[in-house]
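Peer 1: Kindly return the folded structure for what I paste below:
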Amino acid sequence: MLSPIASRSCGVQVIDTPYDEPGLVLPARGIILVAMRPLILILALSLPALPLASVQAAGSGYPAIVLPTWSQQIAIREGWLVKRHAALLDMMRRHQIDMWIVVNEEFHDDPLTQYIAPPRPYTGNRDIFVFIDTGTSLRKIAITGYAEENIQRFFESPDDPKPADQVLPALYEQYHPKHIGLSIDAKRGVQRSLTHDSYVFLAKALGPEAESHYVPAADLIEEYSDTRLPDEFETYKTLVALTDQLTRRAFSNEVVTPGKTTVGDVRRWLYDQMGEHDVTTWFQPDLRLQRRGRVPSTSRGFLAVEPEETVIEPGDVLHLDFGITCMGLNTDWQKEAYVLRPGETDAPAGLKHAMANTNTLQESLMTNSRPGRLAGDVYNAIMADMTARGIEAKVYSHPIGEQGHGLGAGLDYRAAQQTGSEGKHMRKGSYISIELNSATPVPEWDGQKVYVMEEDDAYLTDDGFKTFLPRQTSFYLIHP
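Peer 2: Alright, predicted model coming up:
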């Protein structure tokens, strides 16, 4: 919904998994998984090897997923940074930005800093990163309060730094950039992150002539943030696998005892599991609950989040919205569970049909999407397909990666209502959270509509979107 980080690339190894899918592909360098009977996976790192965690995740029957240590994460992400910087000059030229300035403030990090500079702590009063198109190459200058060798591997940064109010005007006089890109005048927070005081500082340091050349860097920031590196793929897939594993465990009798466990108990368990796995999140895990004969509460056009004190009972349909943050990447995941009544062995046929309708909606989105297509055209095609099939559908999918609600072309009913057609082109390789729902009357619930809300992280290929893991096609079952 709604951390530090590469000099090594990951190979690929196919393994057995506890999921209903062919082998899950995960890195052979970075994270290695070795299948052991009964489908227990040991994860190790080849960076050097790490001490292995317990083979199973707290007796859950699922593999223990061990992520790289913090220093290894930094090394991996700095390898990604080399490739990001290599692609930046062409991006700046496409968006007619001659100089791009990112300002990081003390205890108030700019959301771009960890992606344009080494993902390490910055504690200077005001650290400034400048990218300049010299006409023949990209020049990168870091203006910091003190020298740091890791910054010097990526930027010009002298051992005895000069003050920014001396360096910046000298750079302007040397290059006279026509367009100086700043994080200003944009709709999204990551694109408008320059503070008022830092703007005033830049204007004073560079002078009024340079200020007249300030332009929003929003389009450059979007392309930079929405461009996924092939090297990130296996790491991201591992994070998706962890998200999925925790979701499956949360929606099982390991966590839920019907008639006793509350919604808040499940949420707190997820928080504790994120702590155990050394990941964070970018939004609070939310649970929604549908129950036969109960009129569901709504909020902003969606089912409302269930109060924490609600006790989970047999016959309930549960929904979880959950994601994690690690290594500068974010996941977003929504799945459904059914709490069996005494004597039941599966969800009622009407609920299965409701799930199938959402699966049909997912397939329409995935197959209608193509690189280069306007997002609005894709959205309209999806909704026309659902109308023809008689499925009541809502689509609110969004880019994901460096931000949970990322920059780029989304497929969202709100954008369609506001503009008629979302005018952004879909970018090959971009990641998206396929977030949507369908509403279906369920005979076993006296015709009451049940909303099946799903969300899967996916990536765009020439043949449409492909999910990192197989989609949910049946309810997770919690026994009474």
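Peer 1: what are the ranges of the strands in the stretch 201-350 of the chain?
Peer 2: 214-216, 286-290, 298-299, 302-303, 317-322, 325-326, 329-330, 333-339 (DSSP state E, counting those that start in this stretch).
Peer 1: want to throw those into CSV with distance to Ala375?
Peer 2: Heads up, the C-betas are built off the backbone N, CA and C, glycines and all. Shown next, in CSV, are these (distance: least, C-beta to C-beta, whole Å):
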stretch, distance to Ala375
strand 214-216, 21
strand 286-290, 26
strand 298-299, 26
strand 302-303, 21
strand 317-322, 22
strand 325-326, 25
strand 329-330, 20
strand 333-339, 21
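Peer 1: Next, format those strands as TSV and append distance to Thr243, mean pLDDT and mean neighbour count.
Peer 2: Listed next are these as TSV, based on distance: least, C-beta to C-beta, whole Å; pLDDT from 0 to 100; neighbours: other C-beta atoms under 10 Å:
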stretch	distance to Thr243	mean pLDDT	mean neighbour count
strand 214-216	33	98	19
strand 286-290	14	98	22
strand 298-299	24	91	10
strand 302-303	21	92	16
strand 317-322	7	98	24
strand 325-326	10	98	21
strand 329-330	10	98	26
strand 333-339	5	98	25
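Peer 1: closest to Gly275 out of the ones you listed?
Peer 2: Judged by C-beta to C-beta, the one of the strands of the stretch 201-350 of the chain that comes nearest to Gly275 is strand 325-326, at 12.6 Å.
Peer 1: Please report the distance of Phe107 from Leu340.
Peer 2: Going from Phe107 to Leu340 by C-beta to C-beta, to the nearest Å gives 50 Å.
Peer 1: related to what we said a few turns ago, go through the strands of the stretch 201-350 of the chain and name the closest to Glu254.
Peer 2: Of the strands of the stretch 201-350 of the chain, nearest to Glu254 by C-beta to C-beta is strand 333-339, at 12.3 Å.
Peer 1: Show me the contact partners of the closest one.
Peer 2: Outside strand 333-339, the residues that touch it by C-beta atoms under 8 Å, 6 or more residues apart in numbering are 240, 243-244, 247-248, 251, 256, 258, 312-323, 347, 351, 355, 435, 452-457, 472, 475-478, 480.
Peer 1: quick one: the strands in the stretch 351-480 of the chain?
Peer 2: Assigned by DSSP E, counting those that start in this stretch, the stretch 351-480 of the chain shows strands spanning 392-399, 411-412, 431-442, 448-461, 464-467, 476-478.
Peer 1: residues in contact with Pro342?
Peer 2: Neighbours of Pro342 in contact, by C-beta under 8 Å, 6+ apart: 314, 480.
Peer 1: Give me the pLDDT for it.
Peer 2: At Pro342, the pLDDT value in this model is 97.
Peer 1: what are the phi and psi values for Tyr146?
Peer 2: When read as degrees, to the nearest 10, the backbone of Tyr146 gives phi -150, psi 160.
Peer 1: thinking again about what came up before, ok, which of the strands of the stretch 201-350 of the chain comes nearest Ala117?
Peer 2: Using C-beta to C-beta, the nearest of those to Ala117 is strand 329-330, at 16.9 Å.
Peer 1: That closest one pairs with which strands, and in what direction?
Peer 2: Looking at strand 329-330 with DSSP bridges, its partner strands are strand 325-326 (antiparallel).
Peer 1: So what touches the strand it pairs with?
Peer 2: Counting contacts by C-beta under 8 Å, 6+ apart, the residues outside strand 325-326 that touch it are 3, 67, 73, 239, 278-282, 331, 404.
Peer 1: Now restrict those residues to buried residues only.
Peer 2: 67, 73, 239, 279, 281-282, 331, 404 (16 or more other C-beta atoms under 10 Å).
Peer 1: Looking at those, which are in helices?
Peer 2: Secondary structure from DSSP state H places 73, 239 of these in helices.
Peer 1: show me where pLDDT drops low in this structure?
Peer 2: Scanning the chain for pLDDT under 70 picks out 1-59, 416-422.
Peer 1: so Tyr122 sits right up against Thr113, yeah?
Peer 2: Yes. Between Tyr122 and Thr113 there is a contact under C-beta atoms under 8 Å: 6.4 Å.
Peer 1: Comparing these two, which shows the higher neighbour count?
Peer 2: Counting neighbours by other C-beta atoms under 10 Å for Tyr122 and for Thr113 shows that Tyr122 has the greater number, 22 against 19.
Peer 1: what's the closest of the buried ones among the contacts of strand 325-326 to Asp160?
Peer 2: Taking those together and measuring to Asp160 by C-beta to C-beta, the closest member is Gln73, at 30.9 Å.
Peer 1: Pretty sure the closest one sits against Trp80.
Peer 2: No. Taking C-beta under 8 Å as the definition, Gln73 is not a contact partner of Trp80, at 10.7 Å.
Peer 1: Spit out the contact partners of Arg249.
Peer 2: By C-beta under 8 Å, 6+ apart, the residues touching Arg249 are 57, 60, 62, 255, 273.
Peer 1: That one and Thr257: what is the separation?
Peer 2: 14 Å.
Peer 1: And Phe107 and Leu340? Which one has more around it.
Peer 2: When Phe107 and Leu340 are compared for neighbours, Leu340 comes out ahead with 19 against 7, by other C-beta under 10 Å.
Peer 1: and that one, backbone torsions?
Peer 2: Torsion angles, degrees, to the nearest 10, at Leu340: phi -60, psi 140.
Peer 1: So the protein: which segments form each domain?
Peer 2: Domain ranges of the chain: 96-216, 228-478, per automatic domain parsing.
Peer 1: Put together JSON lines for those, with distance to Ala87 on each row.
Peer 2: As requested, the domains of the chain are exported to JSON lines (distance: least, C-beta to C-beta, whole Å):
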{"stretch": "domain 96-216", "distance to Ala87": "10"}
{"stretch": "domain 228-478", "distance to Ala87": "9"}
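Peer 1: tally of neighbours for the nearest residue to Gln191 once chain neighbours are set aside?
Peer 2: Leaving aside its sequence neighbours, Gln191 sits nearest to Ala218 (C-beta to C-beta, 6 or more residues apart in numbering; 4.2 Å). Burial measure for Ala218: 21 neighbouring residues, criterion other C-beta under 10 Å.
Peer 1: now Gly429
Peer 2: For Gly429, using other C-beta under 10 Å, the count is 15.
Peer 1: pretty sure it contacts Ala458?
Peer 2: No. Counting by C-beta under 8 Å, Ala458 is not a contact partner of Gly429; they are 11.3 Å apart.
Peer 1: which residues touch the spatially most central residue of the chain?
Peer 2: Nearest to the geometric centre of the chain sits Asn330, at 3.1 Å (C-alpha atoms, centre = their mean). Each residue near Asn330 by C-beta under 8 Å, 6+ apart is listed here: 282, 323-324, 400-404, 406.
Peer 1: Try it again at 7 Å.
Peer 2: With contact taken as C-beta atoms under 7 Å, 6 or more residues apart in numbering, Asn330 is in contact with 282, 323, 400-401, 403-404.
Peer 1: In a markdown table, list those residues along with distance to Tyr175.
Peer 2: Formatted as a markdown table, the contacts of Asn330 follow (distance: C-beta to C-beta, whole Å):
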| residue | distance to Tyr175 |
| --- | --- |
| Trp282 | 37 |
| Gly323 | 41 |
| Ile400 | 36 |
| Gly401 | 31 |
| Gln403 | 31 |
| Gly404 | 36 |
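Peer 1: That'll do, ta.
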